[in-house]
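Asker: Fold the following and give me the result.
(2 chains)
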Amino acid sequence: NAGVTQTPKFRILKIGQSMTLQCAQDMNHNYMYWYRQDPGMGLKLIYYSVGAGITDKGEVPNGYNVSRSTTEDFPLRLELAAPSQTSVYFCASSPDRARELFFGEGSRLTVL
Amino acid sequence: GENVEQHPSTLSVQEGDSAVIKCTYSDSASNYFPWYKQELGKRPQLIIDIRSNVGEKKDQRIAVTLNKTAKHFSLHITETQPEDSAVYFCAASRTTSGTYKYIFGTGTRLKVLA
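Answerer: Residues are numbered from 1 along each chain as shown, chains lettered A, B, ... in the order given. So this is what the prediction gives:
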């Protein structure tokens, strides 16, 4: 099992550009999450999903969109990138509610 | 809304001493409280967790205690070693209906001095 796979690992964007961070898990987990971690800071929940077709906002959803068309994939879309979105993004999955989160290796995004 | 506060933000201890990190949560329906360790440049990984039907749980040198009445829980690391140096995050979640957000505290940077 690869676990949770995130791509790309690094990306530099210009202000106003858009991109999609990919997240895939091969553990058949229903619950998936996107977090951002600013330098020296904690993990802030952006969006989460409890199954295919079901998503909900977290603590900091503005500027982002998600979709969950399959159990395996949970992409995060950034529209009109801003410098404030410079961060490390972690995708995580869990087999059920209130269980251990399995994190991907993270995607480091810089917006210039 | 849900909130998890974590203290202290940094903690330095001498090797062999104990370290304690404390968290408080706001959602009284929270019933799952995990702790994650994040080494520099790595992903967070679960080190121990506790559910609300248990007051304390131990795993070798680490333990977690929960006070449901006060809505706080703590991580205890005994006989600290240099490899314990990392950032530790607490979190709170719930199994009951409603929001299934998994909210993290702000993190504690632990430095174990040799």
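Asker: and the residue of chain B found nearest chain A, what are its bridge partners?
Answerer: For chain B, the residue closest to chain A is residue B:32, as judged by Cβ to the nearest Cβ, at 3.6 Å. Every residue, glycine included, has its C-beta placed from N, CA and C. For residue B:32, the beta-bridge partners are residue B:51, residue B:93 (DSSP bridges).
Asker: Local confidence estimate at it?
Answerer: pLDDT recorded at residue B:32 is 93.
Asker: Contacts for the lowest-mean-pLDDT helix or strand in chain B, please.
Answerer: Least confident helix or strand of chain B, by mean pLDDT, DSSP states H and E, is strand B:103-104 with a mean of 91. Residues outside strand B:103-104 that contact it (Cβ atoms under 8 Å, 6 or more residues apart in numbering or on different chains) are A:35, A:42-45, A:59, B:2-4, B:25, B:36, B:89-93.
Asker: coming back round to it: state the distance from the residue of chain B closest to chain A to residue A:68.
Answerer: Applying Cβ to Cβ, to the nearest Å, the value for residue B:32 to residue A:68 is 22 Å.
Asker: now the strands for chain B?
Answerer: Remark: strands assigned in chain B by DSSP state E are B:4-7, B:10-14, B:19-25, B:32-38, B:45-51, B:56-59, B:62-67, B:72-77, B:86-92, B:103-104, B:108-113.
Asker: As JSON lines, the ones you listed with mean neighbour count would be great.
Answerer: Formatted as JSON lines, the strands of chain B follow (neighbours: other Cβ atoms under 10 Å in any protein chain shown):
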{"stretch": "strand B:4-7", "mean neighbour count": "18"}
{"stretch": "strand B:10-14", "mean neighbour count": "13"}
{"stretch": "strand B:19-25", "mean neighbour count": "20"}
{"stretch": "strand B:32-38", "mean neighbour count": "22"}
{"stretch": "strand B:45-51", "mean neighbour count": "17"}
{"stretch": "strand B:56-59", "mean neighbour count": "12"}
{"stretch": "strand B:62-67", "mean neighbour count": "18"}
{"stretch": "strand B:72-77", "mean neighbour count": "21"}
{"stretch": "strand B:86-92", "mean neighbour count": "25"}
{"stretch": "strand B:103-104", "mean neighbour count": "24"}
{"stretch": "strand B:108-113", "mean neighbour count": "18"}
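Asker: neighbouring strands for the least confident helix or strand of chain B, and are they parallel or not?
Answerer: Using DSSP bridges, the strands paired with strand B:103-104 are strand B:86-92 (antiparallel).
Asker: Rounded mean pLDDT for the partner strand, please.
Answerer: Mean per-residue pLDDT for strand B:86-92: 96.
Asker: That one vs strand B:32-38, what angle?
Answerer: Between the axes of strand B:86-92 and strand B:32-38, defined by axes from the mean of the first three to the mean of the last three Cα atoms, to 10 degrees, the angle is 160 degrees.
Asker: Alpha carbons only: can I get strand B:86-92 in PDB?
Answerer: Output in PDB follows, covering the C-alpha atoms of strand B:86-92 (Å, rounded to 0.1, in the frame of the first residue of the first chain):
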ATOM      1  CA  ALA B  86       9.700  17.500  17.700                       C
ATOM      2  CA  VAL B  87       6.400  19.500  17.400                       C
ATOM      3  CA  TYR B  88       3.500  17.800  19.200                       C
ATOM      4  CA  PHE B  89      -0.200  18.500  18.300                       C
ATOM      5  CA  CYS B  90      -3.300  17.600  20.200                       C
ATOM      6  CA  ALA B  91      -6.600  17.200  18.400                       C
ATOM      7  CA  ALA B  92     -10.300  16.700  19.200                       C
END
